[in-house]
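Enquirer: structure for the following, please:
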Amino acid sequence: MSDVVAEQPKLERLSALGPSEPWQAALLLPSRWQDFTSPLTRYANLREHTEVVISGVLERDATTGFLNGTPRLQASVIGNDGISVTFTLFGDHRELARRLPGGTAVAVQGTAVHIRRQWYLNNARLIERDWIGRLCPVYPGKPRVIKPETVRDRVLALLDTVVDEAATRLLSELDAYGGAQRALEPLGLKPNQMAHVIRAAHQPRDISQGEKAQQALERIAAMQAVARAASARDQHDQAQVFRIDWAKVRTRVAALPYGLTKEQRAAAYEIQLDLGRAQPMRRVLSGDVGTGKTVVYGLAAAACADHDGHVVILAPTLPLAAQIHAELHQWWPDLDVELVAGDAPARTSTATIRVGTTALLYRESQTPPSLMIVDEQQKFSRDQREKMTAHGCHLLEVSGTCIPRSMALIRYGALDVSRLTQQHAPKNITSRLWARHEQRALMADITASLDAGDQVLVVYPLKEGEGRDSAERAYEMWQNIRPGRVRLVHANLSDEEKKAAVEALKSRQADLLVATTVVEVGISIDGLRHVVVIDPQRLGLTQLHQIRGRAARQGGIGTFSMYPRSVLKPEAQERLQVLLDTCDGFEIAERDLALRGYGSLAANADKQTGSDELLYGRSVRLELLDEAAKRLSVSL
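Expert: Model (predicted):
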């Protein structure tokens with residue numbers, strides 16, 4: 001007899017929701033349960049405008065027809081007390097009607113209404129016979145990929161096969177982070193109950209049991225996430241230790257054209273202390289536009305160069321890289337600083353400090369970097385930010401608004417943070433969210449800014465050739481309003497064309513710049529006082545805050561206007577409200593973390609927002625992460 005090999009379960013389209021292995025389907029949890037345990041059989045107890053599930057038999061054969069041109073099925077269910085309820089299913093249900101002769105037992109869900117002494121169910125749907133008398137879990141779906149009902153059928157079909165492996169995997173990871181028994185004890189659980197908890201999170205005996213099981217899994221996921229964050233810090237080789245010559249640092253500071261704020265001095269000191277340790281630095285330098293981040297990390301780069309170290313400074317755009325290069329050369333002409341651009345000839349670099357765009361990641365150097373500085377970290381993937389840090393390189397990430405993953409790593413001790421909040425030239429930006437019907441008022445406000453001698457930036461979410469969102473079409477409109485005084489910037493223009501547009505505003509040959517989000521970083525126009533974003537709901541908080549930072553860069557009064565051309569959904573309104581509440585980039589990043597989720601905190605994870613891979617389709621709540629951090633004694 002030949003051996004029979006059991007067929008391995010397959011995820012099929014479930015993988016579109018995150019799981020990559022069959023056992024992970026057990027961690028794709030339902031969002032709620034529909035209670036079909038006790039359908040009404042006596043309809044005298046119906047209450048109007050309440051959602052109900054009724055059970056009975058069809059009073060007569062179901063019929064099909066049309067209502068205002070729409071196909072429909074209509075039938076009436078009669079209860080044990082002789083009262084009938086009529087329901088309608090819209091759509092072509094001729095095949096279903098043939099299976100519903102009078103006398104057929106059915107269960108129907110819908111909203112009860114009473115019209116002319118007759119009960120009806122609005123928004124009705126038939127309940128599958130197998131679910132009558134049970135709780136029916138409701139899973140997330142993905143439009144045009146997999147329906148929630150298909151997810152439910154697939155997950156439950158896999159559950160018996162994979163639940164034990166899922167339990168073993170969870171327990172194994174908890175053991176790696178200090179022991180499953182220790183982690184589960186505060187939850188009132190034992191390791192041998194894990195499979196039971198996972199089952200109950202899908203198919204509980206009652207809703208209360210299901211909610212408790214899911215809460216337990218969320219707390220377990222929180223413990224794993226925080227433990228991952230804490231352990232990520234230790235997964236690096238030893239770094240080069242720099243014995244900082246503080247007298248030399250003071251000489252570098254004295255060469256600057258302006259004095260440092262107390263915050264800048266403190267941040268520079270913290271960073272250079274990190275450079276003196278064998279443990280690779282993993283630090284974020286957080287500060288809004290105008291707080292002087294460049295000089296702080298420039299001092300760190302200079303300190304490395306002064307002690308025979310090599311530094312790479314990665315910037316998202318060539319104009320920003322060129323600006324950093326020029327500032328370092330101006331402050332400290334003795335340093336060997338090279339600008340690396342994508343179109344520069346490929347050659348092995350000998351420079352002590354290399355500044356450039358992602359071209360840096362693919363250029364060889366005679367010596368690997370001792371310090372990697374990533375400016376505007378939110379513009380790069382984790383792989384790009386850490387590409388050169390595999391062998392114990394110090395890493396300093398710089399941002400006005402950190403990505404949610406970095407904020408979570410800061411929160412749970414895997415990243416240190418130095419904050420800059422003091423502006424060298426204080427400014428006051430007034431932010432406003434205009435209503436859809438206020439277009440004329442916004443146009444008048446923009447005109448008033450221009451007439452007052454201020455320059456204006458109007459940002460559209462997309463570039464040319466994309467319907468009404470076209471920046472090019474908007475440029476033509478604005479040119480008709482202010483002929484010759486408008487310029488255009490988008491990603492498809494050459495660097496020379498973009499530079500010429502910006503220079504036209506700097507030299508006051510133009511007053512208004514129409515652009516896409518390409519202006520998020522690296523654009524500095526002294527006279528720019530009013531920034532307008534069209535359809536801000538289509539952009540992230542980080543992008544919006546960075547774009548807002550283009551206004552009043554040299555200090556003073558500025559205006560930031562957001563104008564949505566469609567009705568905002570509640571979640572979009574909540575997100576944009578953050579920008580009305582604060583101009584502090586660090587606070588915005590913290591609230592963005594709460595709104596978007598933290599991604600994955602594992603050391604090699606690329607996911608920087610959204611749900612962790614521990615529970616698919618949902619983010620672990622921050623309060624549970626904080627609770628787990630205290631339980632695991634992780635430094636907050």
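
Enquirer: can I see the domain layout of the protein?
Expert: 38-133, 246-400, 427-583 (automatic domain parsing).

Enquirer: the nearest residue in space to residue 523 that is not next to it in sequence - how many residues pack around it?
Expert: Of all residues not flanking residue 523 in the chain, residue 550 sits nearest, at 5.7 Å (CB to CB, 6 or more residues apart in numbering). (C-beta placed from N, C-alpha, C; glycine too.) Neighbours of residue 550 under the rule other CB atoms under 10 Å: 24.

Enquirer: got a pLDDT number for residue 550?
Expert: On the pLDDT scale, residue 550 is placed at 87.

Enquirer: my guess is it contacts residue 528. True?
Expert: Yes. Using CB atoms under 8 Å, residue 550 is in contact with residue 528, at 5.9 Å.

Enquirer: in which helix or strand does residue 320 reside?
Expert: Using DSSP states H and E, residue 320 falls within helix 318-331.

Enquirer: could you do residue 77 as well?
Expert: strand 70-78.

Enquirer: same check, this time on residue 113
Expert: With DSSP H and E as the criterion, residue 113 is inside strand 105-115.

Enquirer: contacting residues around stretch 54-63?
Expert: Taking contacts as CB atoms under 8 Å, 6 or more residues apart in numbering, the residues outside stretch 54-63 that touch it are 39-41, 43, 46, 73-80, 84-85, 93, 96-97, 100-108, 121, 132.

Enquirer: flag every buried residue along the longest helix along the chain.
Expert: Ordering each helix of the chain by length in residues (DSSP state H) puts helix 148-176 first. Using 16 or more other CB atoms under 10 Å as the test for burial, helix 148-176 gives 150-152, 154-155, 158-159, 162-163, 166-167, 169-171, 173-174.

Enquirer: closest one of these to residue 182?
Expert: residue 174 (8.4 Å; CB to CB).

Enquirer: so that closest one makes contact with residue 223?
Expert: Yes. The criterion here is CB under 8 Å, and residue 174 meets it with residue 223 at 7.1 Å.

Enquirer: packing partners of the very next helix or strand once past the helix holding residue 320?
Expert: Using DSSP H and E, the next helix or strand after helix 318-331 towards the C-terminus is strand 337-340. Here strand 337-340 touches helix 318-331, strand 353-356, going by 3 or more CB pairs under 8 Å, 6 or more residues apart in numbering; DSSP states H and E.

Enquirer: mind listing what's buried in stretch 242-253?
Expert: Result for stretch 242-253 [16+ other CB under 10 Å]: buried residues 242, 244, 249, 252, 253.

Enquirer: pLDDT score assigned to the closest residue to residue 249 other than its chain neighbours?
Expert: With sequence-adjacent residues excluded and distances taken as CB to CB, 6+ apart, residue 249 is closest to residue 303, at 6.1 Å. Note on residue 303: pLDDT of 94.

Enquirer: what helix or strand is residue 303 on?
Expert: helix 293-306.

Enquirer: can you check residue 85 too?
Expert: Using DSSP H and E, residue 85 sits in strand 84-90.

Enquirer: strands paired with that strand, and their directions?
Expert: strand 70-78 (antiparallel), strand 118-126 (parallel) (DSSP bridges).

Enquirer: hmm, who's touching that strand?
Expert: So strand 84-90 is contacted by 43, 46, 54, 56, 59, 67, 70-79, 96, 108, 110, 112, 118-121, 124-126 (CB under 8 Å, 6+ apart).
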